[in-house]
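Peer 1: Predicted model, plus sequence, below.
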Amino acid sequence: MIVPEEMVLWLDRFDQKAARTLAMRLAVERGLDVLDVDTIDDFMDSAQGIPWLIAAGVGWIESEGISRALSLLATFPSEDDDPLAAHAVLQLEQVRRENRAALRLLRRAAGLPDAFDHRLAQGLGGDGAQEQIAQLIAHDLLVAEGDLLTVPPLVRSMVMSKLALDPPHRAQVDRVVMTYLTHIWPAGEVRQPLSRTEWAFLNNARALLMRYLVEGQGGDPAVMARLLVAAGETFRAVGLAHECAGFSRRVLARLPESVDPDRVRLQITFASCAQDEEATMMFGHLVVQPDLDPVLQAEAALAYGRSLIAAGQVENAASVLSDAFTTLRNQPRPDIVLASAILHCWGRALSLSLIHISEPTRL
């Protein structure tokens, strides 16, 4: 494929003569007499012989004057640094001057290490988000991957180090993102392999939870609890159950002792992921707790039954699931979806019990 010339970014440096010739030619074309024998040397030192940076500098002279142009050029990395970094600095500066709302969207999105969808980007951008997204893509500050968007690693690093949101604003944005992820997390059985979108959701969720639970930057425990409950099965499916249990334990320590649904469901998630003596005790407590909502009690019994089946205790699992189904069925308005899941798991436990009974005794 032949790439159009206007889409090529020339990163190599010109020698001194070629760079000076380019600068003077561009100045003459634009009628700029301020770039003369007294200013050209300072300009050439700042432009570092990079063709596109020379062109940008001449444009700044035309729009903002020689002093401002030299100040802007001085912010770019030296010739010993990566020229791609200099290009990113230029794009950030241009977006700042053209559309500060787009830069605000980028600063909010830079807290996510992986891709995110257009709907979240629109939420982060607010009014005019579509235009902001298009502008960031045009300036190589966002990359479109099908239905997903990604902040390039170099750009993300620059934004997080030089344009990072203050901690309260960062926490507010992260809360919005965690709530959004909770609401759109795929429900039901997790199928392997995960899609690109599912991996992006998981990677971003892990980064946000790590930020507030391991790095100790605060965060809202109720919001994190809901995210962990939504993502728990995905953590388990990809072999990260231990990590999910660790996150859950930290959030439970921050939540007040109560029978609040968020806390109970997080206890279920923790016990499902921990698979240890503490988890067994927690399950045993939840399925018989008298003041617990029957639906929550049934959810705990379903998770407990699955855990018992995984541990080979199929008879105990069948008993727990049978009691849970009976309790749920006697409710005025039983949860049909939950009842179906319990019946399915109960049937599996009974089938495994029959297989176990029918096996010949080996002497």
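Peer 2: Now that the structure is in, tell me what you want to look at.
Peer 1: all helices for the stretch 201-350 of the chain, in order.
Peer 2: For the stretch 201-350 of the chain, the helices defined by DSSP state H, counting those that start in this stretch cover 221-237, 241-254, 261-274, 277-286, 294-310, 314-329, 336-358.
Peer 1: Check which helices and strands the shortest one sits against.
Peer 2: So that's helix 277-286. Packing partners of helix 277-286 (3 or more Cβ pairs under 8 Å, 6 or more residues apart in numbering; DSSP states H and E): helix 261-274, helix 294-310. In short, each C-beta sits where N, CA and C put it, glycine included.
Peer 1: How about the first one?
Peer 2: Helices and strands in packing contact with helix 221-237 are listed as helix 167-184, helix 196-213, helix 241-254, helix 261-274; criterion 3+ Cβ pairs under 8 Å, 6+ apart.
Peer 1: Out of the ones you listed, which is closest to residue 351?
Peer 2: For residue 351, the closest of the helices and strands packed on helix 221-237 is helix 261-274, at 21.5 Å, according to Cβ to Cβ.
Peer 1: which residues are contacting that closest one?
Peer 2: Contact partners of helix 261-274, identified using Cβ atoms under 8 Å, 6 or more residues apart in numbering, comprise 222, 225-226, 228-229, 232, 235-236, 241-242, 244-245, 248-249, 251-252, 255-257, 278-280, 282-283, 286, 292-293, 296, 299-300, 303-304, 306-307.
Peer 1: re the thing from before, could I get the helices and strands packed on helix 277-286 in TSV, plus columns for distance to residue 186, mean neighbour count and mean pLDDT?
Peer 2: Formatted as TSV, those follow (distance: least, Cβ to Cβ, whole Å; neighbours: other Cβ atoms under 10 Å; pLDDT from 0 to 100):
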stretch	distance to residue 186	mean neighbour count	mean pLDDT
helix 261-274	16	22	90
helix 294-310	18	22	86
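Peer 1: would you list those in TSV and tack on distance to residue 198?
Peer 2: What follows is the helices and strands packed on helix 277-286, written out as TSV (distance: least, Cβ to Cβ, whole Å):
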stretch	distance to residue 198
helix 261-274	18
helix 294-310	21
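Peer 1: Which one of these lies nearest to residue 18?
Peer 2: Nearest to residue 18 among these is helix 261-274 (62.2 Å), distances taken as Cβ to Cβ.
Peer 1: now the closest one and helix 241-254, what's the angle there?
Peer 2: 150 degrees (axes from the mean of the first three to the mean of the last three Cα atoms, to 10 degrees).
Peer 1: where's helix 261-274 relative to the chain centroid, distance-wise?
Peer 2: 22 Å (Cα atoms, centre = their mean, to the nearest Å).
Peer 1: Likewise for stretch 215-233?
Peer 2: The answer for stretch 215-233 is 13 Å, by Cα atoms, centre = their mean.
Peer 1: what do you get for stretch 184-193?
Peer 2: Worked out by Cα atoms, centre = their mean, stretch 184-193 lies 17 Å from the chain centre.
Peer 1: Now do it: distance from first to last residue.
Peer 2: 19 Å (Cα to Cα, to the nearest Å).
Peer 1: low-confidence ranges in the stretch 1-150 of the chain?
Peer 2: 1-12, 77-83 (pLDDT under 70).
Peer 1: What segments of it are helices?
Peer 2: Going by DSSP H, counting those that start in this stretch, the stretch 1-150 of the chain shows helices at 16-29, 40-47, 51-64, 66-73, 83-98, 100-109, 118-125, 129-138.
Peer 1: Please convert the ones you listed to CSV, extending it with mean neighbour count and distance to residue 344.
Peer 2: As requested, the helices of the stretch 1-150 of the chain are exported to CSV (neighbours: other Cβ atoms under 10 Å; distance: least, Cβ to Cβ, whole Å):
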stretch, mean neighbour count, distance to residue 344
helix 16-29, 15, 72
helix 40-47, 17, 69
helix 51-64, 19, 62
helix 66-73, 17, 64
helix 83-98, 18, 52
helix 100-109, 21, 40
helix 118-125, 18, 32
helix 129-138, 18, 42
